[in-house]
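Enquirer: show me how the following folds:
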Amino acid sequence: MNDEAPAPDRNSKQMRLIVAAIVLLIAVYGLLGDYIEEQRTLYEVDSLWDEASDLRETGSYDGALEVYNSVFGVISSNEYPLQYGMNHYYRGRTYEGMASADPVNGSDNLQSSIYAYGQALKFISKEESPAEYARIQHGLGDAYLKLYAYQGDSETLSTSIEYYNVSLEYYSIAADPIYFASIHNKLGNAWRKKGNSEGDIIALENALDAYTESLRVFRADVYPLEYAGVQNNLGNLYIEISVFGNEKDNIGNAIVAFNNALEVYTIETRPVEYATVQNNLGNAYFALSEIEDKEGNVELAVTAYHEALKVFTISLFPEEHDGVIYNIAKAYKSL
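Expert: Down below sits the predicted model:
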């Protein structure tokens, strides 16, 4: 009697291996096919975003919105939540651009912008997409800050400040110094407007802190134009703070800040900014004339105003020209 176990069927074993290999290939092909389809979709979305961005840059906002709206036909919120949310974000930015280009409908467009940002936040969370979440918070801060110009409600400024502060939880000076400085400059603007609207010195001091933070990055030797912009903001802020006390010192700080800006803004390179700062400098000297050396400081004020008029001519800038002429008349009338 033969008690040996029967030899394995080699053909059967080979067949099982072949079947397993075929199953594996089918699975890999399916996964690869899904990956290829996903990449194709993402490439199509990126191409549409590039097209819309080009339209925005040329001021074709309606066309940009059409392209962004078409993206919703390419992706679903379930399969591509990040892209779906960012598409709402880009629509929000587009409405912001429309508000700047069309001030008559600015308030409505800013409301549409805020709504679009709110939609974006339905699909983008701080935990899963912190960078994109911070960008949306930044956008909301911008929209509410701009909305104040139309509504004059200081609550919109409070809301803007809240959104900027949330965005700064991500945009630290180490993580993204440019955004850190830019947002602090805007935060300073929001605090300034709030302080002037409510007569609140604490808000103005918060603005001073924000501008100072911005200058940690926007240094004259690295970012001269941004530096000059913050210095101009600081100059105006110091004049506003002087109303609450230490007038001479604060106005002196304003004059220093405006002169810092004028080291960057020249009549040849940045004529409009140059004229704007010269007018502001004139205002600072006029304010100082109310404290000391009336005649000398009025003359310095008028000299600065005349520098502004080299750019703000009646033919090119009639409103600005009239404003500077008024300032000159007011200065001479005070003597």
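
Enquirer: number of residues surrounding residue 53?
Expert: Burial of residue 53 is recorded as 16 neighbouring residues (other Cβ atoms under 10 Å). Using the backbone N, CA and C atoms, a C-beta is placed for each residue, glycine as well.

Enquirer: so how far is residue 61 from it?
Expert: Distance, residue 53 to residue 61, by Cβ to Cβ, to the nearest Å: 12 Å.

Enquirer: and the closest residue to residue 216 other than its chain neighbours, what are its phi and psi?
Expert: Distances taken as Cβ to Cβ, 6 or more residues apart in numbering place residue 173 nearest to residue 216, at 6.4 Å, with adjacent residues excluded. Dihedral pair for residue 173: phi -70, psi -30, per degrees, to the nearest 10.

Enquirer: next one: residue 223
Expert: Here is the backbone geometry of residue 223 (degrees, to the nearest 10): phi -130, psi 70.

Enquirer: quick one: residues contacting it.
Expert: By Cβ atoms under 8 Å, 6 or more residues apart in numbering, residue 223 lies in contact with 181, 217.

Enquirer: what does the pLDDT read for it?
Expert: Among the per-residue scores, residue 223 shows a pLDDT of 97.

Enquirer: which regions of the stretch 151-300 of the chain sit below the pLDDT cut-off?
Expert: Under the criterion pLDDT under 70, no range of the stretch 151-300 of the chain is flagged.

Enquirer: contacting residues for residue 53?
Expert: Shown here is residue 53, whose contacts under the criterion Cβ under 8 Å, 6+ apart are 64, 90.

Enquirer: what do you get for residue 292?
Expert: residue 248.

Enquirer: any idea how far residue 99 is from it?
Expert: Separation of residue 292 from residue 99 (Cβ to Cβ) stands at 44 Å.

Enquirer: try residue 228
Expert: The value you get for residue 228 to residue 99, if Cβ to Cβ is used, is 26 Å.

Enquirer: element containing the most centrally placed residue in the chain, please.
Expert: For the chain, residue 142 is the residue whose C-alpha lies nearest the centre (Cα atoms, centre = their mean; 5.8 Å). Residue 142 is located in helix 130-151, with elements delineated by DSSP states H and E.

Enquirer: just the angle for the following helix or strand past that helix relative to helix 130-151, thanks.
Expert: Sequence-wise, the next helix or strand downstream of helix 130-151 (DSSP H and E) is helix 154-167. Between the axis of helix 154-167 and that of helix 130-151 there is an angle of 170 degrees, by axes from the mean of the first three to the mean of the last three Cα atoms, to 10 degrees.

Enquirer: helices and strands around helix 154-167, which ones?
Expert: Other elements packing on helix 154-167 under the criterion 3 or more Cβ pairs under 8 Å, 6 or more residues apart in numbering; DSSP states H and E are helix 130-151, helix 177-198.

Enquirer: and residue 312, which of the ones you listed is closest to it?
Expert: Evaluated with Cβ to Cβ, the helices and strands packed on helix 154-167 place helix 130-151 nearest to residue 312, the distance being 21.5 Å.

Enquirer: okay, the angle between that closest one and helix 177-198?
Expert: Using the same axes, to 10 degrees, helix 130-151 lies at 30 degrees relative to helix 177-198.

Enquirer: quick one: distance of helix 130-151 to the chain centre.
Expert: Between the centre of helix 130-151 and the centre of its chain there are 8 Å (Cα atoms, centre = their mean, to the nearest Å).

Enquirer: could I get the full set of helices for this structure?
Expert: Using DSSP state H, the helices of the chain run over 10-57, 61-71, 81-101, 106-120, 130-151, 154-167, 177-198, 201-214, 224-242, 247-262, 271-289, 294-309, 318-333.

Enquirer: give me the number of neighbouring residues for residue 323.
Expert: For residue 323, the count of nearby residues is 14 (other Cβ under 10 Å).

Enquirer: which residue is the nearest non-sequential neighbour of it?
Expert: Residue 323's closest residue in space is residue 279 (Cβ to Cβ, 6+ apart), at 7.4 Å.

Enquirer: now residue 89
Expert: For residue 89, the nearest residue in space outside its immediate sequence neighbours is residue 120; the separation is 4.3 Å by Cβ to Cβ, 6+ apart.

Enquirer: follow-up on the earlier one: give me the distance between the residue nearest to residue 323 and residue 243.
Expert: If you measure residue 279 against residue 243 using Cβ to Cβ, the figure is 19 Å.

Enquirer: looking at the two, which is more packed in?
Expert: Counting neighbours by other Cβ under 10 Å for residue 279 and for residue 243 shows that residue 279 has the greater number, 22 against 13.

Enquirer: show me what contacts that one?
Expert: Applying Cβ under 8 Å, 6+ apart, we find residue 279 in contact with 304-305, 308, 312, 320, 323-324, 327.

Enquirer: please apply the same query to residue 130.
Expert: When contacts are counted by Cβ under 8 Å, 6+ apart, residue 130 is found next to residue 170.

Enquirer: that one and residue 103: what is the separation?
Expert: Distance of residue 130 to residue 103, given as Cβ to Cβ: 34 Å.

Enquirer: got it, and residue 112?
Expert: In this view, residue 112 and residue 103 are 15 Å apart by Cβ to Cβ.

Enquirer: which one's more surrounded, those two?
Expert: The residue with more neighbours, out of residue 112 and residue 103, is residue 112; 20 against 11, by other Cβ under 10 Å.
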